[in-house]
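Colleague: Have a look at this prediction, sequence included:
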Amino acid sequence: MQPAARARAQEVFGVAAFADFRDLLALPGIEAVSICLPDNLHREAALGTLAAGKHLLLEKPLAMCVEEGEEICQAAARSGCHVMVGHLLRFDPRYALAREAFQSGRLGELVHVYARRNSAVLGPTRYGPNVSLAWHVTVHDIDLIRWITGEEVVRVTAEGSARVLARAGQTDSLAALLKLASGAFAVVESCWVLPEAYGSGLDAQLEIVGTHGVLEVKGLDQGLRIADTNGWTYPDTMRHARYGGRVWGLLREEVEQFVDAVLGGKPPLVPCVDALAALRVVQAIDRALAEERPIAMAG
Ligand SMILES: NC(=O)c1ccc[n+]([C@@H]2O[C@H](COP(=O)([O-])OP(=O)(O)OC[C@H]3O[C@@H](n4cnc5c(N)ncnc54)[C@H](O)[C@@H]3O)[C@@H](O)[C@H]2O)c1
(Lines give C-alpha, C1' and ligand atoms only; values in the text may rest on other atoms or scores of the structure.)
Protein backbone atom coordinates (compact mmCIF):
# COMPACT_ATOMS: atom_id res chain seq x y z
CA MET A 1 0.00 0.00 0.00
CA GLN A 2 1.34 3.44 -0.91
CA PRO A 3 2.32 5.80 1.98
CA ALA A 4 -0.47 8.29 1.15
CA ALA A 5 -3.11 5.52 1.03
CA ARG A 6 -1.77 4.11 4.33
CA ALA A 7 -1.96 7.49 6.02
CA ARG A 8 -5.51 8.01 4.77
CA ALA A 9 -6.66 4.56 5.92
CA GLN A 10 -5.19 5.20 9.35
CA GLU A 11 -6.82 8.60 9.58
CA VAL A 12 -10.27 7.71 8.22
CA PHE A 13 -10.71 4.28 9.81
CA GLY A 14 -8.39 4.50 12.80
CA VAL A 15 -6.71 1.20 11.90
CA ALA A 16 -3.12 0.11 11.42
CA ALA A 17 -2.00 0.03 7.76
CA PHE A 18 1.02 -1.71 6.29
CA ALA A 19 3.18 -1.37 3.21
CA ASP A 20 3.15 -5.10 2.51
CA PHE A 21 0.41 -7.63 3.29
CA ARG A 22 3.01 -10.02 4.74
CA ASP A 23 3.57 -7.57 7.61
CA LEU A 24 -0.10 -7.88 8.47
CA LEU A 25 0.00 -11.69 8.31
CA ALA A 26 2.90 -11.75 10.76
CA LEU A 27 0.91 -9.95 13.47
CA PRO A 28 -0.27 -12.08 16.41
CA GLY A 29 -4.02 -12.61 16.70
CA ILE A 30 -4.90 -12.30 12.99
CA GLU A 31 -7.24 -15.21 12.19
CA ALA A 32 -8.90 -14.10 8.96
CA VAL A 33 -8.00 -11.84 6.05
CA SER A 34 -10.13 -10.07 3.45
CA ILE A 35 -8.38 -9.43 0.14
CA CYS A 36 -9.79 -6.66 -2.03
CA LEU A 37 -6.76 -5.98 -4.16
CA PRO A 38 -6.93 -5.50 -7.93
CA ASP A 39 -7.63 -8.76 -9.78
CA ASN A 40 -4.01 -9.29 -10.89
CA LEU A 41 -2.81 -9.32 -7.26
CA HIS A 42 -5.28 -11.91 -5.91
CA ARG A 43 -3.10 -14.95 -6.52
CA GLU A 44 0.00 -13.92 -4.62
CA ALA A 45 -1.91 -12.48 -1.67
CA ALA A 46 -4.32 -15.44 -1.47
CA LEU A 47 -1.53 -18.04 -1.56
CA GLY A 48 0.43 -16.09 1.07
CA THR A 49 -2.63 -15.80 3.31
CA LEU A 50 -3.44 -19.52 3.06
CA ALA A 51 0.19 -20.50 3.59
CA ALA A 52 0.04 -18.47 6.83
CA GLY A 53 -3.03 -20.50 7.88
CA LYS A 54 -5.52 -17.60 7.83
CA HIS A 55 -9.17 -17.86 6.81
CA LEU A 56 -9.75 -15.93 3.63
CA LEU A 57 -12.45 -13.73 2.10
CA LEU A 58 -11.24 -13.02 -1.44
CA GLU A 59 -12.87 -10.58 -3.86
CA LYS A 60 -14.18 -11.88 -7.16
CA PRO A 61 -12.99 -12.82 -9.72
CA LEU A 62 -11.13 -15.62 -7.97
CA ALA A 63 -8.08 -15.14 -10.21
CA MET A 64 -6.82 -13.86 -13.57
CA CYS A 65 -7.04 -17.27 -15.26
CA VAL A 66 -8.37 -20.76 -14.59
CA GLU A 67 -4.91 -22.15 -13.78
CA GLU A 68 -4.37 -19.53 -11.05
CA GLY A 69 -7.86 -20.25 -9.75
CA GLU A 70 -7.03 -23.96 -9.54
CA GLU A 71 -3.85 -23.13 -7.64
CA ILE A 72 -5.82 -21.09 -5.09
CA CYS A 73 -8.47 -23.83 -4.70
CA GLN A 74 -5.77 -26.46 -4.15
CA ALA A 75 -4.04 -24.25 -1.56
CA ALA A 76 -7.42 -23.68 0.13
CA ALA A 77 -8.07 -27.43 0.35
CA ARG A 78 -4.57 -28.08 1.76
CA SER A 79 -4.84 -25.30 4.32
CA GLY A 80 -8.06 -26.48 5.97
CA CYS A 81 -9.01 -22.78 6.24
CA HIS A 82 -12.41 -21.34 5.39
CA VAL A 83 -12.25 -19.61 2.03
CA MET A 84 -15.04 -17.55 0.53
CA VAL A 85 -15.04 -15.60 -2.75
CA GLY A 86 -16.88 -12.29 -2.86
CA HIS A 87 -19.67 -13.12 -5.28
CA LEU A 88 -21.68 -10.39 -3.66
CA LEU A 89 -25.01 -11.04 -5.38
CA ARG A 90 -25.53 -14.22 -3.39
CA PHE A 91 -26.06 -11.89 -0.40
CA ASP A 92 -28.72 -9.85 -2.20
CA PRO A 93 -32.09 -10.95 -0.77
CA ARG A 94 -33.73 -10.60 -4.20
CA TYR A 95 -31.46 -13.24 -5.73
CA ALA A 96 -31.53 -15.39 -2.61
CA LEU A 97 -35.36 -15.41 -2.71
CA ALA A 98 -35.29 -16.11 -6.46
CA ARG A 99 -33.12 -19.16 -5.72
CA GLU A 100 -35.46 -20.30 -2.97
CA ALA A 101 -38.46 -19.95 -5.31
CA PHE A 102 -36.78 -21.79 -8.17
CA GLN A 103 -35.48 -24.56 -5.95
CA SER A 104 -38.88 -25.05 -4.31
CA GLY A 105 -40.06 -26.36 -7.69
CA ARG A 106 -42.92 -23.85 -8.04
CA LEU A 107 -41.66 -22.72 -11.48
CA GLY A 108 -41.40 -26.32 -12.70
CA GLU A 109 -38.56 -27.45 -14.95
CA LEU A 110 -36.13 -24.86 -16.28
CA VAL A 111 -36.92 -23.64 -19.81
CA HIS A 112 -34.52 -20.70 -20.14
CA VAL A 113 -32.70 -17.92 -18.30
CA TYR A 114 -32.03 -14.35 -19.40
CA ALA A 115 -29.50 -12.25 -17.49
CA ARG A 116 -28.34 -8.71 -18.19
CA ARG A 117 -25.73 -6.48 -16.52
CA ASN A 118 -25.23 -3.12 -18.23
CA SER A 119 -23.47 -0.11 -16.74
CA ALA A 120 -21.90 3.27 -17.51
CA VAL A 121 -18.42 3.46 -18.99
CA LEU A 122 -16.75 3.88 -15.60
CA GLY A 123 -15.60 0.29 -15.08
CA PRO A 124 -13.26 -0.10 -18.09
CA THR A 125 -11.95 3.45 -17.55
CA ARG A 126 -11.12 2.56 -13.96
CA TYR A 127 -9.82 -0.98 -14.33
CA GLY A 128 -7.82 -0.62 -17.52
CA PRO A 129 -6.92 -3.16 -20.15
CA ASN A 130 -6.02 -6.12 -17.91
CA VAL A 131 -9.62 -6.98 -17.13
CA SER A 132 -12.05 -8.36 -19.71
CA LEU A 133 -15.78 -7.64 -19.72
CA ALA A 134 -16.60 -11.32 -19.29
CA TRP A 135 -14.08 -11.78 -16.50
CA HIS A 136 -15.10 -8.67 -14.59
CA VAL A 137 -18.85 -8.35 -15.22
CA THR A 138 -20.38 -11.47 -16.81
CA VAL A 139 -18.84 -13.62 -14.07
CA HIS A 140 -21.49 -12.27 -11.67
CA ASP A 141 -24.33 -13.64 -13.79
CA ILE A 142 -22.59 -16.94 -14.44
CA ASP A 143 -22.27 -17.47 -10.69
CA LEU A 144 -25.92 -16.48 -10.17
CA ILE A 145 -27.19 -18.83 -12.88
CA ARG A 146 -25.21 -21.78 -11.53
CA TRP A 147 -26.19 -20.98 -7.93
CA ILE A 148 -29.89 -20.42 -8.53
CA THR A 149 -30.58 -23.20 -11.03
CA GLY A 150 -27.91 -25.72 -10.01
CA GLU A 151 -27.19 -26.14 -13.74
CA GLU A 152 -23.79 -26.67 -15.35
CA VAL A 153 -22.86 -24.99 -18.62
CA VAL A 154 -21.93 -27.50 -21.32
CA ARG A 155 -21.45 -25.30 -24.41
CA VAL A 156 -20.80 -21.59 -24.98
CA THR A 157 -21.43 -19.40 -28.03
CA ALA A 158 -20.75 -15.66 -27.89
CA GLU A 159 -20.86 -12.47 -29.93
CA GLY A 160 -19.27 -9.18 -28.96
CA SER A 161 -18.88 -5.69 -30.31
CA ALA A 162 -16.20 -3.04 -29.78
CA ARG A 163 -16.63 0.57 -30.85
CA VAL A 164 -16.24 2.77 -27.79
CA LEU A 165 -13.38 0.66 -26.44
CA ALA A 166 -12.00 -0.60 -29.75
CA ARG A 167 -8.73 1.31 -29.40
CA ALA A 168 -8.22 -0.03 -25.90
CA GLY A 169 -8.62 -3.57 -27.26
CA GLN A 170 -11.67 -4.11 -25.07
CA THR A 171 -15.18 -5.41 -25.78
CA ASP A 172 -18.05 -2.94 -25.30
CA SER A 173 -20.84 -5.49 -25.12
CA LEU A 174 -21.22 -9.20 -25.33
CA ALA A 175 -24.02 -11.70 -25.55
CA ALA A 176 -23.35 -15.30 -24.64
CA LEU A 177 -25.62 -18.24 -25.30
CA LEU A 178 -25.03 -20.96 -22.77
CA LYS A 179 -26.30 -24.48 -23.34
CA LEU A 180 -27.09 -26.03 -19.94
CA ALA A 181 -26.72 -29.67 -18.96
CA SER A 182 -30.51 -30.25 -18.65
CA GLY A 183 -31.10 -29.06 -22.23
CA ALA A 184 -32.29 -25.60 -21.15
CA PHE A 185 -30.29 -22.51 -22.13
CA ALA A 186 -29.25 -19.12 -20.78
CA VAL A 187 -28.72 -15.85 -22.62
CA VAL A 188 -26.33 -13.49 -20.84
CA GLU A 189 -25.85 -9.88 -21.91
CA SER A 190 -23.11 -7.63 -20.49
CA CYS A 191 -22.23 -4.08 -21.47
CA TRP A 192 -20.01 -1.49 -19.79
CA VAL A 193 -20.13 1.45 -22.20
CA LEU A 194 -23.41 3.16 -21.41
CA PRO A 195 -22.82 6.94 -21.40
CA GLU A 196 -21.53 8.48 -18.18
CA ALA A 197 -24.77 10.46 -18.01
CA TYR A 198 -26.48 7.12 -17.39
CA GLY A 199 -25.25 7.65 -13.86
CA SER A 200 -24.56 5.28 -11.03
CA GLY A 201 -27.23 2.76 -11.94
CA LEU A 202 -26.55 -0.82 -12.87
CA ASP A 203 -29.14 -2.17 -15.28
CA ALA A 204 -29.17 -5.74 -14.06
CA GLN A 205 -32.01 -8.10 -14.87
CA LEU A 206 -32.65 -11.75 -14.32
CA GLU A 207 -35.53 -13.72 -15.76
CA ILE A 208 -36.03 -17.39 -15.20
CA VAL A 209 -38.70 -19.15 -17.24
CA GLY A 210 -39.89 -22.55 -16.07
CA THR A 211 -42.53 -24.96 -17.31
CA HIS A 212 -44.95 -23.66 -14.65
CA GLY A 213 -43.92 -20.08 -14.02
CA VAL A 214 -41.50 -17.23 -14.39
CA LEU A 215 -39.55 -15.02 -12.01
CA GLU A 216 -37.94 -11.66 -12.62
CA VAL A 217 -35.41 -9.60 -10.70
CA LYS A 218 -35.12 -5.98 -11.82
CA GLY A 219 -31.77 -5.06 -10.38
CA LEU A 220 -31.84 -1.39 -11.35
CA ASP A 221 -34.94 -0.86 -9.30
CA GLN A 222 -33.53 -0.45 -5.82
CA GLY A 223 -36.59 1.58 -4.91
CA LEU A 224 -35.15 5.07 -5.37
CA ARG A 225 -34.02 7.16 -8.33
CA ILE A 226 -33.54 10.92 -8.47
CA ALA A 227 -33.24 13.22 -11.48
CA ASP A 228 -31.75 16.68 -11.18
CA THR A 229 -29.97 18.99 -13.60
CA ASN A 230 -27.15 16.44 -13.85
CA GLY A 231 -29.45 13.64 -14.96
CA TRP A 232 -30.55 10.49 -13.17
CA THR A 233 -28.85 9.09 -10.12
CA TYR A 234 -29.70 5.82 -8.47
CA PRO A 235 -28.64 6.15 -4.82
CA ASP A 236 -27.22 2.93 -3.47
CA THR A 237 -29.86 1.37 -1.26
CA MET A 238 -28.49 -2.17 -1.47
CA ARG A 239 -24.71 -2.47 -1.54
CA HIS A 240 -23.40 -0.25 1.23
CA ALA A 241 -26.05 2.28 2.07
CA ARG A 242 -25.82 4.35 5.23
CA TYR A 243 -28.95 4.20 7.28
CA GLY A 244 -29.39 5.57 10.79
CA GLY A 245 -25.66 6.27 11.03
CA ARG A 246 -24.87 2.61 10.34
CA VAL A 247 -23.50 1.01 7.18
CA TRP A 248 -26.05 -1.45 5.87
CA GLY A 249 -26.15 -3.59 2.77
CA LEU A 250 -24.81 -6.53 0.84
CA LEU A 251 -21.13 -5.93 1.57
CA ARG A 252 -21.80 -5.86 5.30
CA GLU A 253 -23.96 -8.98 4.99
CA GLU A 254 -21.20 -10.74 3.04
CA VAL A 255 -18.54 -9.95 5.65
CA GLU A 256 -20.85 -10.88 8.54
CA GLN A 257 -21.74 -14.20 6.95
CA PHE A 258 -18.05 -14.94 6.37
CA VAL A 259 -17.22 -14.16 10.01
CA ASP A 260 -20.17 -16.26 11.22
CA ALA A 261 -19.04 -19.16 9.03
CA VAL A 262 -15.49 -18.97 10.41
CA LEU A 263 -16.61 -18.64 14.04
CA GLY A 264 -19.29 -21.30 13.66
CA GLY A 265 -17.07 -23.72 11.71
CA LYS A 266 -19.63 -23.79 8.88
CA PRO A 267 -18.83 -23.75 5.14
CA PRO A 268 -19.05 -20.18 3.75
CA LEU A 269 -21.76 -19.39 1.19
CA VAL A 270 -19.41 -19.00 -1.81
CA PRO A 271 -16.82 -21.79 -1.83
CA CYS A 272 -13.83 -21.22 -4.09
CA VAL A 273 -14.71 -24.26 -6.23
CA ASP A 274 -17.89 -22.42 -7.30
CA ALA A 275 -15.86 -19.32 -8.17
CA LEU A 276 -13.53 -21.54 -10.18
CA ALA A 277 -16.47 -23.08 -12.05
CA ALA A 278 -17.63 -19.57 -12.97
CA LEU A 279 -14.12 -18.73 -14.22
CA ARG A 280 -14.16 -21.77 -16.52
CA VAL A 281 -17.34 -20.43 -18.14
CA VAL A 282 -16.05 -16.87 -18.57
CA GLN A 283 -12.84 -18.24 -20.03
CA ALA A 284 -14.97 -20.18 -22.53
CA ILE A 285 -16.90 -16.97 -23.35
CA ASP A 286 -13.65 -15.11 -24.06
CA ARG A 287 -12.47 -18.04 -26.22
CA ALA A 288 -15.78 -18.13 -28.09
CA LEU A 289 -15.39 -14.39 -28.79
CA ALA A 290 -11.76 -14.69 -29.89
CA GLU A 291 -12.15 -17.84 -31.97
CA GLU A 292 -15.67 -17.03 -33.27
CA ARG A 293 -16.92 -20.55 -32.67
CA PRO A 294 -18.87 -22.51 -30.04
CA ILE A 295 -16.75 -23.83 -27.17
CA ALA A 296 -17.64 -27.13 -25.50
CA MET A 297 -16.96 -27.21 -21.79
CA ALA A 298 -14.65 -30.03 -20.69
CA GLY A 299 -16.28 -32.63 -18.45
N1 LIG B 1 -18.00 -8.09 -5.71
C2 LIG B 1 -18.20 -7.00 -6.41
O3 LIG B 1 -19.32 -6.67 -6.76
C4 LIG B 1 -17.02 -6.13 -6.77
C5 LIG B 1 -17.22 -4.80 -7.10
C6 LIG B 1 -16.09 -4.01 -7.39
C7 LIG B 1 -14.83 -4.56 -7.35
N8 LIG B 1 -14.68 -5.88 -7.06
C9 LIG B 1 -13.35 -6.50 -7.02
O10 LIG B 1 -12.69 -6.00 -5.85
C11 LIG B 1 -11.29 -5.90 -6.12
C12 LIG B 1 -10.83 -4.46 -5.85
O13 LIG B 1 -11.56 -3.61 -6.68
P14 LIG B 1 -11.65 -2.05 -6.34
O15 LIG B 1 -12.64 -1.48 -7.27
O16 LIG B 1 -11.85 -1.87 -4.88
O17 LIG B 1 -10.19 -1.61 -6.76
P18 LIG B 1 -9.39 -0.32 -6.27
O19 LIG B 1 -8.31 -0.15 -7.26
O20 LIG B 1 -10.33 0.78 -5.96
O21 LIG B 1 -8.79 -0.78 -4.85
C22 LIG B 1 -7.69 -1.63 -4.76
C23 LIG B 1 -6.94 -1.34 -3.47
O24 LIG B 1 -5.76 -2.13 -3.48
C25 LIG B 1 -4.67 -1.30 -3.05
N26 LIG B 1 -3.45 -1.82 -3.67
C27 LIG B 1 -3.13 -1.81 -5.00
N28 LIG B 1 -1.94 -2.41 -5.18
C29 LIG B 1 -1.50 -2.80 -3.96
C30 LIG B 1 -0.33 -3.49 -3.50
N31 LIG B 1 0.62 -3.89 -4.34
N32 LIG B 1 -0.21 -3.74 -2.17
C33 LIG B 1 -1.18 -3.33 -1.31
N34 LIG B 1 -2.31 -2.67 -1.69
C35 LIG B 1 -2.46 -2.42 -2.99
C36 LIG B 1 -4.99 0.10 -3.52
O37 LIG B 1 -4.31 1.06 -2.72
C38 LIG B 1 -6.51 0.13 -3.32
O39 LIG B 1 -6.81 0.52 -1.98
C40 LIG B 1 -11.09 -6.33 -7.56
O41 LIG B 1 -10.73 -7.68 -7.57
C42 LIG B 1 -12.46 -6.14 -8.18
O43 LIG B 1 -12.69 -6.98 -9.29
C44 LIG B 1 -15.75 -6.66 -6.76
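Modeller: Cool, got the structure.

Colleague: Contact partners for Ala275?
Modeller: Going by CB atoms under 8 Å, 6 or more residues apart in numbering, Ala275 touches 60-62, 69, 85, 87, 143. (Each C-beta comes from the backbone N, C-alpha and C, glycine too.)

Colleague: do Glu159 as well
Modeller: Counting by CB under 8 Å, 6+ apart, Glu159 makes contact with 174-175, 289.

Colleague: ok so Ala176 is a strand residue?
Modeller: Yes - assessed by DSSP: H, G, I helix; E, B strand; the rest coil, Ala176 belongs to a strand.

Colleague: What about it, how many residues nearby?
Modeller: Other residues near Ala176 come to 27 when the count uses other CB atoms under 10 Å.

Colleague: Most neighbours among the contacts of Ala275, which one?
Modeller: In terms of neighbours by other CB under 10 Å, these top out with Val85 at 33 neighbours.

Colleague: how close does that residue sit to Leu58?
Modeller: 5 Å (CB to CB, to the nearest Å).

Colleague: so what's whatever residue of the stretch 151-299 of the chain ends up closest to the ligand scoring on pLDDT?
Modeller: In the stretch 151-299 of the chain, the residue that lies nearest the ligand is Arg239 (7.6 Å; CB to the nearest ligand atom). As predicted, Arg239 sits at a pLDDT of 79.

Colleague: same deal with Gly199?
Modeller: Looking at Gly199, its pLDDT is 68.

Colleague: Repeat that for Cys81.
Modeller: Confidence score, pLDDT, at Cys81: 96.

Colleague: residues near it, how many?
Modeller: Using other CB under 10 Å, the number of residues around Cys81 comes to 19.

Colleague: List the contacts of the closest residue to it other than its chain neighbours.
Modeller: What sits nearest to Cys81 in space, not counting adjacent residues and going by CB to CB, 6 or more residues apart in numbering, is His55, at 4.8 Å. Residues near His55 by CB under 8 Å, 6+ apart: 31-33, 81-83, 258, 262.

Colleague: Swap in 7 Å and give it another go.
Modeller: The neighbours of His55, taking CB atoms under 7 Å, 6 or more residues apart in numbering as the test, are 31-32, 81-82, 262.

Colleague: most neighbours, which of the residues you listed?
Modeller: With neighbours taken as other CB under 10 Å, the top of these is His82, carrying 23 neighbours.

Colleague: and the gap between it and the ligand?
Modeller: Distance of His82 to the ligand, given as CB to the nearest ligand atom, to the nearest Å: 18 Å.

Colleague: Name the residues linked to the closest residue to that residue other than its chain neighbours by a beta bridge.
Modeller: Distances taken as CB to CB, 6+ apart place His55 nearest to His82, at 4.4 Å, with adjacent residues excluded. In this entry, His55 is beta-bridged to Ala32, by DSSP bridges.
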